[in-house]
Each structure stands twice: as C-alpha cells, then as structure tokens.
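In: Pasting the sequence and the predicted model now:
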Amino acid sequence: MADDKITRREFVERTAAVGAGLIGAAILGGSGQATAQQATAAGTSRVIHTHSDGAFNLQTGQADYERVSSMVQTGICQVTGKLDLAEAWRSLVGPDDVVGLKINCLGRPGFYNDHVLLRVLKEELVAVGVRSENIIAFDRYTGHLKGAGFTIGQQEDGSWLIATDGSGPGYDGAVTQEFPPHGKDTKEAAPCSKIVTQKISKMINIPILKNHGGAGVTLALKNIAFGIFNHTGSAHDNHCNPYIPYMCSHPVVRQKTVLHILDGLKGQYEGGPGGKAQFQWAQQSILMSPDPVALDFIGARLINQARQQNGKSPISNGHMSHIFTGAQIGLGHASAAEIEEVLLTI
C-alpha cells in the first residue's frame, strides 16, 4: 500500500502540470485554453480526450491502474479548468453528496465498464471527502451486473453496487418523461429509476465505447435513456429516436448529472449491443465532457474510425440520429465546428 500511495502522489503532481499546460495538448477542431464551462457558454463544447498507450491490454483484458489513475486525474483537471486535483473534484461533488455512478453492463459477459476505472473513480471521490458508503454504482438489471462480474450490495471498499430491478428500489411512477413515438399520434411516458430520483444527489454517467445495431452507437445519451428509464416498446422505433434525447432532457437527469466519462479503454465497432470479442479493439482512451451530445459525437467518430480500419462502412448520421436530435432540443452540440476535442497523451 505504501508504494501505491507514493505512485499516486507522483501522478497527482503530473496531473497538476498538465492542468497548468506544461504537457503538450493537441486540440482537434479548435484552439485556445478555455474551460469546458466557458467553452459551452461561448457556443462550443469541450471534450477532454486522454490517451495512454499501455492503459489497456486487449489480450489479457487488464487495465493498468497507474495509467488509468493518471488519465482520470488529468481529465478531471482539464474538464473543470482547475489546476488542483481536489479543487477539480470539489467543483463537481461535495462531502454531503450521494454520488451515483451510472455504468453499463448490457454487453456482459464480453463488454462492460472496466473494473479498474471504477476503482479509480471511487478512490478519487473518497479522497475529496465523499463517504464510501455514499457512492452507488448502478445499472438497470441485476442479471447484467452479475454477468459483468460484479457482486450486488455493499462492496469491500464500503461503496454500493445495486440495480433498479430485482432487490433494487424499482421505478418512480411520480417521475416520468413523455416522448412522442415515431409515427404515432399519442405520447408515451417512461418512469425514472428511484436510484436517481430518491437515492443520489449527483450522478456521473459512465458509458462505454460501443456500436449498437438499433441506435448506431450506445454512448452517453443512450446509457441514460435506456439505463435509467423503464422504456416502452416504442422506444426502439426509428433507431431509438426521439426516445433517447427526450429521456435525457428530463430535469432530474440534467440537474443531477455533473459529468459524462466515456470508458474508452477498449471499444467495439460491430456486433453491439452484445459484447463481441472479435470486433473489439484497445482504444486506450478516457473522454470527459459536461456535454453528452458532444461526447457522443466524438465517441461515434472513434467507432467509425475503427470500422474504417477494419473494412466496415461507417455508421451513418441517420442511423445515430438521436445524437443530432439531442442537439436540436438543446442537450448539447453535435457538429465539428461547435466542439473542441482536447487530446492529451499521458
């Protein structure tokens, strides 16, 4: 444990240097050093893209703890515009918060959130005063969590891992979101998980980097819409559009979500939403943004790049139209001209 603490202190020092701009950053689609909040206010959104060769080994399925720690710490400082790591986290969460980590285990047993990344995020939260018992990692189905190798209930580190269904709290019939199903005259409504409405005060959305046969991609927006709300059959119509953006527009989601972190340590470019090992690659990236639409725009670009490298045609904008509808209804930005991707090599 002593060696681990020394290593983490060294990474914090490196992160502060990155936040101060002492380590080079390549900015794709723009220039300048505005914070994410300033960029969004100015009519653009910033996506922080940390990348580290060796962060994830596709053959063994193992992530490198120290590299992932450095990537997370670097990303948090950059996305918040804070030079101090603790100050960066405290601009998002406080010691009195109950923090929900919305993970994605649909692709079990072949693809789900990396356990090392979740460990790092929980340690970072505890380090700035969030009590371990006030950290709740969650998804909608008990079977999905177990299939991803998680144990339901309180964890050894004191945090919790629960599902909405089964022994979980279920859905809140008093908190629903309407949406107009494609091609239908009447609206439908879906209730929100009680984990979100009753148990947590802040939420960090942690999607994974994967394609989806219906929606084109399954990233930040879809991780909320299908992972938090109890969807109806019509939700999948028209490539899940407008269901996905309408669910993400609910005030309880927008008020409680403080950050979107795309787990891009590995990606899947074909065969989703189930996990298919033959279509996976080691992207070795973690992306962060307060704008889920911009994050999905950049994530979709990474998936299409992998598809091109593997002889697949790109996913069309029409197939992932929910991203662009999200921009139209004010959830974020979905054009290269409105997004700054800051690439930081760790």
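Out: Structure's in. What do you need?
In: for the chain, what spans make up the helices?
Out: Secondary structure of the chain (DSSP state H): helices located at 2-19, 36-41, 65-80, 85-90, 115-127, 142-147, 194, 220-228, 237-240, 243-248, 251-256, 292-309, 321-328.
In: So for Thr186, which of those helices sits nearest?
Out: helix 237-240 (13.3 Å; CB to CB). Quick note: C-beta positions are derived from backbone N, CA and C, even for glycine.
In: what's the distance between the residue lying closest to Gly170 once chain neighbours are set aside and Phe229?
Out: The shortest distance from Gly170 to any non-neighbouring residue, by CB to CB, 6 or more residues apart in numbering, is to Lys194 (5.9 Å). For Lys194, the distance to Phe229 (CB to CB, to the nearest Å) stands at 12 Å.
In: Neighbour count: these two, which is higher?
Out: Phe229 (29 against 18; other CB atoms under 10 Å).
In: That one is in contact with Gln177, isn't it?
Out: Yes: under the criterion of CB atoms under 8 Å, Phe229 makes contact with Gln177 at 6.4 Å.
In: Identify the contacts common to the two.
Out: Common contact partners of Phe229 and Gln177 (CB atoms under 8 Å, 6 or more residues apart in numbering): Ala190, Cys192, Met247.
In: hang on, isn't the second one packed against Gly173?
Out: No: with contact taken as CB under 8 Å, Cys192 and Gly173 are classed as non-touching, separated by 9.4 Å.
In: of the two, who's got more company?
Out: When neighbours are counted by other CB under 10 Å, Cys192 and Gly173 differ, and Cys192 comes out ahead with 24 against 11.
In: Show the pLDDT at the more buried one.
Out: In this model, Cys192 is scored at 98, pLDDT.
In: Burial check on His182, number of neighbours?
Out: Residues lying near His182 (other CB under 10 Å) number 14.
In: Surely it and Cys240 touch.
Out: No: using CB under 8 Å, His182 makes no contact with Cys240, being 9.4 Å away.
In: any idea how far Thr44 is from the residue positioned nearest the centre of the chain?
Out: Taking CA atoms, centre = their mean, the centroid of the chain lies closest to Ile206, which sits 2.8 Å from it. Going from Ile206 to Thr44 by CB to CB gives 24 Å.
In: how about the residue nearest to Gly170, what does it touch?
Out: Counting by CB under 8 Å, 6+ apart, Lys194 makes contact with Thr164, Gly168, Pro169, Gly170, Tyr171, Asp172.
In: ok, which pair from the residues you listed is furthest apart?
Out: Gly168 and Asp172 (12.0 Å).
In: For stretch 314-327, the averaged confidence score.
Out: 98.
In: what do you get for stretch 108-128?
Out: When pLDDT is averaged along stretch 108-128, the result is 97.
In: Measure how far it is from the centre of its chain, please.
Out: 11 Å (CA atoms, centre = their mean, to the nearest Å).
In: Stretch 277-287 too?
Out: Distance of stretch 277-287 from the chain centroid (CA atoms, centre = their mean) equals 15 Å.
In: got the buried residues for that stretch?
Out: Within stretch 277-287, the residues scored as buried using 16 or more other CB atoms under 10 Å are Phe279, Gln280, Trp281, Ala282, Gln283, Gln284, Ser285, Ile286, Leu287.
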